[in-house]
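Trainee: 3D model of this:
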Amino acid sequence: MRGRISRFIEIDRYITFKRMFLEQVLSGKKRTTIRLGIVRPRYSEVYIACENYVYAIAEIERIEYLKVHELDEDIVKSEGFKCKEELLKALKRIYGKLNTTDYVTLIWFKVKKILDKPKRLDKIIGKS
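Mentor: So this is what the prediction gives:
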């Protein structure tokens with residue numbers, strides 16, 4: 001089990017997405033997210049957030065730990081990209097340097113409820 005594990009992270013009550021992915025997430029077209037390192041969710045139900053606002057509630061269905069070189073075409077498609085190179089480029093923009101032996105966490109989720117109106121993240125998290 002060689003490869004750089006850049007960090008161990010716990011996901012608390014929310015998963016954040018860049019604005020460019022939000023519509024795909026909310027429509028159900030994007031049902032996975034890749035995070036660098038070993039990520040362990042604390043809860044099975046999480047908020048979907050973007051730019052400090054919550055847009056939906058989702059359920060984490062499963063977690064997979066892979067190395068970057070193990071990302072296959074099915075994962076590329078589940079992430080909403082056309083090819084592996086496009087996905088790797090996006091990951092490098094987000095995380096900086098990325099080695100093929102680095103560990104990533106693939107989080108499978110399903111949106112359960114879209115909020116009628118986005119709510120400020122700090123207002124929702126403060127109530128949890």
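
Trainee: partner residues bridging the residue nearest the centre of the chain?
Mentor: Residue closest to the average C-alpha location in the chain (C-alpha atoms, centre = their mean): residue 33, at 2.9 Å. In this entry, residue 33 is beta-bridged to residue 107, by DSSP bridges.

Trainee: now the lengthiest helix in the chain: buried residues?
Mentor: Identified as the longest helix of the chain according to DSSP state H is helix 84-95. For helix 84-95, burial by neighbour count (16 or more other C-beta atoms under 10 Å) applies to 84, 87, 88, 90, 91. (Each C-beta comes from the backbone N, C-alpha and C, glycine too.)

Trainee: first-to-last residue distance for stretch 73-83?
Mentor: 7 Å (C-alpha to C-alpha, to the nearest Å).

Trainee: gap between that stretch and the chain center?
Mentor: 14 Å (C-alpha atoms, centre = their mean, to the nearest Å).

Trainee: cool, stretch 106-123 as well?
Mentor: That offset, for stretch 106-123, works out to 12 Å (C-alpha atoms, centre = their mean).
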